[in-house]
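> test case, fold it:
(2 chains)
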There are 2 protein chains.
Amino acid sequence: MNLPTSVRLVEVGPRDGLQNEKQPISVADKVRLVDDLTAAGLSYIEVGSFVSPKWVPQMAGSAEVFAGIQRQPGVTYAALTPNLKGLEAALEAKVEEVAVFAAASEAFSQKNINCSIADSLQRFVPLMEAAKAANVRVRGYVSCVLGCPYDGKIAPEQVASVARELYAMGCYEVSLGDTIGTGTAGKTRSMLEVVGRDIPRDRLAGHFHDTYGQALANIYASLLEGINVFDSSVAGLGGCPYAKGATGNVATEDVLYLLQGLCIETGMDMDKLIAAGQRICEVLGKANGSRVARARLSR
Amino acid sequence: MNLPTSVRLVEVGPRDGLQNEKQPISVADKVRLVDDLTAAGLSYIEVGSFVSPKWVPQMAGSAEVFAGIQRQPGVTYAALTPNLKGLEAALEAKVEEVAVFAAASEAFSQKNINCSIADSLQRFVPLMEAAKAANVRVRGYVSCVLGCPYDGKIAPEQVASVARELYAMGCYEVSLGDTIGTGTAGKTRSMLEVVGRDIPRDRLAGHFHDTYGQALANIYASLLEGINVFDSSVAGLGGCPYAKGATGNVATEDVLYLLQGLCIETGMDMDKLIAAGQRICEVLGKANGSRVARARLSR
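Next comes the predicted model:
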């Protein structure tokens, strides 16, 4: 049971988090959040999404956010780009790295992006080519890896198949998302064992939701399986669109606390991270979703 | 990495939980809670405490609660008894099993019960003798096993020493409590390795608080170390006296969800458990502290 000596946290709060918050938020507050997260030592921040504001109004102004942030050397500022048009807009905004998104569930793919998994992957081909030509790395997300809100159970082989296609297509890393947070440590382990047969474990990331309180146990199980990249959202921003009032993305503070307790290097500063999360919660007028932040701030 | 095939959950909500809730609660509501928990399939319920109501007003009426509950065969209904006087009152109330409480931290022992660890253990001697004579089993708690609100770090050897004394004194099981919830999976593992040298692992229980969101990761780490008894509190009753507004005892629903996901047998019914927790939260007028309950009830 060896643990990795260092872990990279991919901060998804400004994109995946804010996208699911109802309260509108200004470009200036988004810029401040990203700068605060940079100051807290995060080395990878998903800043925004280049997608039609008709579909995702919360992500309007991503180009302005990219123009406003203070980029620091050694930090990757990434954006989600669902298609070639999004990639072109991202390149124009001088985005250094992009991400694409597929589902491990046929029903989720249909309901979420209105096409089959195979079609969604096919649509990434021109994007991947253009990204390669522009020397921009592409990260792949797979959603519903431990369960689907429509289909229920998802076979690990199905996850492996989608992850393998993204990897073969040129994604340098594939993030495996428990979108509805129903997964437990045992399922996490079995899924990683299967996916890990085709893709080196240092090319996989874990993306866990805390809806059922299982995220940190799943992350610990993943660490024991050799995974050393995890997505998380400061202050647990984002909630869960499939269970109103419930928790969504695992809070970055809580993951960092686990990693620090395991003496795993992250290069991060807990106090600055807590301050960043508390500030954006005050802007949004919502309770802080990090247990560590709540415990620390209430002492 | 073998997991146990079955786990016993020790429900501490009616005692450890309600003791730390500010809202007063009637004997009838306590009885209803215990009966609801019995119906949910718990095989061990800590019903109350025989202690001066001057010190712990929330535990007044424990004898009436024991008189009012519908005891079911195969279920243990236990009480906390800090001293011989408490044990005598418990025996009068036909309590089947009792528990005693020591700290792994000298400062915590002094502040909490106003005596040294050694003195607190010495005071249990007549209680242990009387319990043995009455054929009543005694469970031992050790608090602050992964950290102390006053002393900070606690050495695993110190935990082992107190646990060993309780075990040698006749406690059939020793529950190791992370009273302030600051422990992480790595510390949990190291502590269990040390304590497990002196006491068989099937005589140890884990008692985790979720104040920093770490409880389920710690329980998963404990399962991997061969621990198969865990204390938990329905709906996370109890809060944390050391961080106002923060979470305390891990919620029974969240632990059960983890165990069910690992295919570990508990004999419990999730729906009935969620209903029991939600009912007592409505009585107390507080938000449900279980993430699983919140997710399920919001669907």
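
> which residues does A:Val142 contact?
When contacts are counted by CB atoms under 8 Å, 6 or more residues apart in numbering or on different chains, A:Val142 is found next to A:Ala102, A:Ala103, A:Ala104, A:Val159, A:Val162, A:Ala163, A:Leu166, A:Val174, A:Ser175, A:Leu176, A:Gly177. C-beta here means a position set from N, CA and C on the backbone, and glycine is covered the same way.

> my guess is the fifth one meets A:Glu106, correct?
No: using CB atoms under 8 Å as the test, A:Val162 is too far from A:Glu106 to be in contact (10.4 Å).

> look up the residues that both of these two are in contact with.
Taking CB under 8 Å, 6+ apart as the contact definition, A:Val162 and A:Glu106 share the neighbouring residues A:Ile117.

> and the residue lying closest to A:Arg296 once chain neighbours are set aside, what does it touch?
Once flanking residues are discounted, A:Arg296 sits nearest to A:Ile274: 5.8 Å by CB to CB, 6 or more residues apart in numbering or on different chains. Listed by CB under 8 Å, 6+ apart, the contact set of A:Ile274 reads A:Glu253, A:Ser290, A:Val292, A:Ala293, A:Arg296, A:Leu297.

> ok, now A:Gln58?
A:Gln58 sits next to A:Leu18, A:Gln19, A:Asn20, A:Glu21, A:Pro24, A:Ile25 when contact means CB under 8 Å, 6+ apart.

> what's the spacing between it and chain B?
Here the distance between A:Gln58 and chain B works out to 21 Å (CB to the nearest CB, to the nearest Å).

> now the strands for the stretch 1-150 of chain A?
Assigned strands in the stretch 1-150 of chain A, in chain order: A:8-11, A:44-49, A:76-80, A:97-103, A:137-143 (criterion: DSSP state E, counting those that start in this stretch).

> the stretch 151-299 of chain A now?
Along the stretch 151-299 of chain A, the stretches classed as strands by DSSP E, counting those that start in this stretch are A:173-178, A:204-208, A:229-232.

> just put those in a markdown table and tack on distance to chain B, mean neighbour count and mean pLDDT.
Formatted as a markdown table, the strands of the stretch 151-299 of chain A follow (distance: least, CB to the nearest CB, whole Å; neighbours: other CB atoms under 10 Å in any protein chain shown; pLDDT from 0 to 100):
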| stretch | distance to chain B | mean neighbour count | mean pLDDT |
| --- | --- | --- | --- |
| strand A:173-178 | 11 | 26 | 98 |
| strand A:204-208 | 11 | 25 | 98 |
| strand A:229-232 | 12 | 26 | 98 |
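
> quick one, which of those strands is nearest to B:Arg139?
Across the strands of the stretch 151-299 of chain A, B:Arg139 has its closest neighbour in strand A:204-208 (34.4 Å, CB to CB).

> and the residue of the stretch 101-250 of chain A closest to chain B?
With CB to the nearest CB as the measure, the residue in the stretch 101-250 of chain A that lies nearest chain B is A:Thr184; the distance is 2.6 Å.

> report pLDDT for that residue.
Model confidence at A:Thr184, expressed as pLDDT, equals 97.

> so A:Cys66 is in contact with A:Leu91, correct?
Let me fix one detail, which is that residue A:66 is Phe and not Cys. No: applying CB under 8 Å as the test, A:Phe66 and A:Leu91 come out as separate, 10.8 Å apart.

> excluding covalently adjacent residues, which one is nearest to A:Thr38?
Nearest-residue entry for A:Thr38: A:Gln72, 5.2 Å, with adjacent residues in sequence omitted and distances by CB to CB, 6+ apart.

> how far does the longest helix along chain A sit from its chain's centre?
In chain A, ranked by residue count with DSSP state H as the criterion, the top helix is helix A:117-133. Mean C-alpha position of helix A:117-133 versus that of the full chain (CA atoms, centre = their mean, to the nearest Å) differs by 20 Å.

> report the buried residues of it.
Neighbour counts using 16 or more other CB atoms under 10 Å in any protein chain shown place A:Ile117, A:Ser120, A:Leu121, A:Arg123, A:Phe124, A:Leu127, A:Met128, A:Ala130, A:Ala131 of helix A:117-133 among the buried residues.

> my guess is A:Arg139 contacts A:Gly177, does it?
No: counting by CB under 8 Å, no contact exists between A:Arg139 and A:Gly177, whose distance comes to 11.9 Å.

> quick one on the thing from earlier: farthest-separated two in the contacts of A:Gln58?
With CB to CB as the measure, no two of these lie farther apart than A:Asn20 and A:Pro24, at 12.9 Å.

> ok, back up a step: tabulate the strands of the stretch 1-150 of chain A (a markdown table), appending distance to B:Val95.
Putting those into a markdown table (distance: least, CB to CB, whole Å) gives the following:
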| stretch | distance to B:Val95 |
| --- | --- |
| strand A:8-11 | 49 |
| strand A:44-49 | 56 |
| strand A:76-80 | 59 |
| strand A:97-103 | 54 |
| strand A:137-143 | 51 |
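
> A:Arg201: which of these is closest?
Taking CB to CB as the criterion, A:Arg201 comes closest to strand A:8-11 out of the strands of the stretch 1-150 of chain A, the separation being 13.5 Å.

> and that closest one, what's its mean pLDDT?
98.

> one step back: in CSV, list the strands of the stretch 151-299 of chain A along with distance to B:Gly196.
Compiled in CSV, these are given as follows (distance: least, CB to CB, whole Å):
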stretch, distance to B:Gly196
strand A:173-178, 32
strand A:204-208, 29
strand A:229-232, 29
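
> nearest to B:Ser222, out of the ones you listed?
If you check each of the strands of the stretch 151-299 of chain A against B:Ser222 by CB to CB, strand A:204-208 wins as the nearest, at 19.9 Å.

> what packs against that closest one?
In this structure, strand A:204-208 packs against strand A:173-178, helix A:185-195, helix A:215-224, strand A:229-232, with contacts taken as 3 or more CB pairs under 8 Å, 6 or more residues apart in numbering or on different chains; DSSP states H and E.

> for the ones you listed, which one sits closest to B:Ser233?
Of all those, helix A:215-224 sits nearest to B:Ser233, with 17.8 Å by CB to CB.

> and the closest one, how far out from the chain's middle?
Average the C-alpha atoms of helix A:215-224, do the same for its chain, and the two points are 16 Å apart (CA atoms, centre = their mean).

> if you count contacts, what does that helix end up packed against?
Counting contacts by 3+ CB pairs under 8 Å, 6+ apart, the secondary-structure elements packed against helix A:215-224 are helix A:185-195, strand A:204-208, helix A:252-261, helix B:215-224.

> and among the ones you listed, the most buried is which?
Looking across these with neighbours counted as mean count of other CB atoms under 10 Å in any protein chain shown, the highest average goes to helix B:215-224: a mean of 28.

> ok and that one relative to helix A:215-224, angle-wise?
50 degrees (axes from the mean of the first three to the mean of the last three CA atoms, to 10 degrees).

> what does helix B:215-224 contact?
Where contact means CB under 8 Å, 6+ apart, the residues beyond helix B:215-224 that reach it are A:1, A:185, A:213-214, A:216-217, A:219-221, A:258, B:1, B:3-4, B:7, B:178, B:181, B:183-186, B:188-189, B:192, B:206, B:208-210, B:230, B:250, B:254-255, B:258, B:262, B:264.

> so what's A:Leu18 scoring on pLDDT?
Reading off the confidence values, A:Leu18 has pLDDT 93.

> one more: A:Arg299?
Model confidence at A:Arg299, given as pLDDT, is 73.

> out of the strands of the stretch 1-150 of chain A, deepest packed?
Looking across the strands of the stretch 1-150 of chain A with neighbours counted as mean count of other CB under 10 Å, the highest average goes to strand A:44-49: a mean of 26.
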